[in-house]
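1. following is a predicted model, sequence given first.
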Amino acid sequence: MTKNCKIAASVLAADFTRLGEQIREAEAGGTDFFHLDVMDGHFVPNISFGPMVVQAVSRLTRLFLDVHLMIEKPERYLEAFAHAGANMINVHVETCPDLRSTVRLIKGLNLQAGVAINPETPFEKIKVILGEVDRVLVMSVHPGFGGQHFIADVLPKVVEIVEAATIANPTVQIALDGGVDPETTKLIVQAGGNVLVAGTSVFGVPGGIAAGIAALREAAGLP
Ligand code: DX5
Ligand code: ZN
């Protein structure tokens, strides 16, 4: 298991009227990745953005881009996001009747693959794929909107994944997405999560983006 936590700034919470500036600020402030939330208004009740915005972000930064597809039939759009500059694609287990083949399609595009799991979905649903993915994206809110409260009930599931991963896939990233702030970061790190996906606590803090990232790093015990 990767020891040091990584921070993924979730672009959904950025000010889109100044996207370039915000991306540069987050990069200078020390984010490790950018997380891009794609929502279709079907799997989740909100609509966000598609490959065009991912491509715009890829022109603004050289950092790793992880795309989180909250869409029905994600397999139809994998190639488009690969061309847009994604480095990793996360698909929801709830949208993939044949998860293994979707993960293989992602890998076939030379991208890293992640599986996202909703708060109510048990670990058993992704157990078989644990050995084949680069990341498990544990949703700690109901997907669809930023700025929601962290659902601490998912922490036992994180512990379960961490335990299973020590045998099945010791290098897998275990990410938490939703309601991640300096307070909840402590709980996440304690449970064994090692990627913090954070929108509001990066882009929405009064002190600015760099201060938001610094607070998360401190809470995670990072230098
Ligand atoms: C929610 C998204 C998250 C969102 C997190 O459906 O998957 O990535 O941006 O936002 P915060 O950090 O504000 O909870
Ligand atoms: Zn997300």
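-> Great, that's in hand. Ligands and ions are numbered 1, 2, ... in the order given.

2. show me the shaky parts of the protein.
-> Residue ranges of the chain with pLDDT under 70: 1-3.

3. residues near the nearest residue to Pro51 once chain neighbours are set aside, how many?
-> The shortest distance from Pro51 to any non-neighbouring residue, by CB to CB, 6 or more residues apart in numbering, is to Ala84 (3.9 Å). For glycine as for every other residue, the C-beta is placed from the backbone atoms N, C-alpha and C. Using other CB atoms under 10 Å, Ala84 has 20 other residues around it.

4. for Ala82, same thing?
-> 20.

5. so the residue of the chain found nearest ligand 2, which state does it fall into?
-> Residue of the chain nearest ligand 2, by CB to the ion: His68 (3.7 Å). With DSSP: H, G, I helix; E, B strand; the rest coil as the basis, His68 sits in strand.

6. quick check: end-to-end length of stretch 10-18?
-> 15 Å (CA to CA, to the nearest Å).

7. for Ala8, name its beta-bridge partners.
-> Phe33, Val197 (DSSP bridges).

8. after the longest helix that the chain contains, which helix or strand is next?
-> In terms of residue count, the longest helix belonging to the chain (DSSP state H) is helix 155-168. Towards the C-terminus, the helix or strand next in line after helix 155-168, according to DSSP states H and E, is strand 173-177.

9. what does that next one contact?
-> Residues outside strand 173-177 that contact it (CB atoms under 8 Å, 6 or more residues apart in numbering): 1-2, 6, 8, 10, 35, 68, 114, 116, 134-141, 143, 154, 158, 161-162, 165, 184, 188, 192-197.

10. hmm, the helix or strand just after that strand touching ligand 1?
-> From strand 173-177 onward toward the C-terminus, using DSSP H and E, the following helix or strand is helix 182-191. No: figure legend: helix 182-191 not in contact with ligand 1 (CB under 6 Å from any ligand atom); closest approach 9.6 Å.

11. now do the contacts for Ser10.
-> 35-37, 146, 177, 197-199, 202-203.

12. tabulate those residues (JSON lines), appending distance to Lys127.
-> As requested, those are exported to JSON lines (distance: CB to CB, whole Å):
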{"residue": "His35", "distance to Lys127": "24"}
{"residue": "Leu36", "distance to Lys127": "27"}
{"residue": "Asp37", "distance to Lys127": "25"}
{"residue": "Gly146", "distance to Lys127": "29"}
{"residue": "Asp177", "distance to Lys127": "20"}
{"residue": "Val197", "distance to Lys127": "22"}
{"residue": "Ala198", "distance to Lys127": "27"}
{"residue": "Gly199", "distance to Lys127": "29"}
{"residue": "Val202", "distance to Lys127": "31"}
{"residue": "Phe203", "distance to Lys127": "34"}
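
13. just those that are near ligand 1?
-> 35, 37, 146, 177, 197-199.

14. most neighbours among these, which one is it?
-> Ala198 (31 neighbours).

15. isn't it right up against Gly178?
-> No: the criterion here is CB atoms under 8 Å, and Ala198 misses it with Gly178 at 9.2 Å.

16. thinking again about what came up before, wait, the residue nearest to Pro51 touches Ser58, no?
-> Yes: counting by CB under 8 Å, Ser58 is a contact partner of Ala84 at 6.5 Å.
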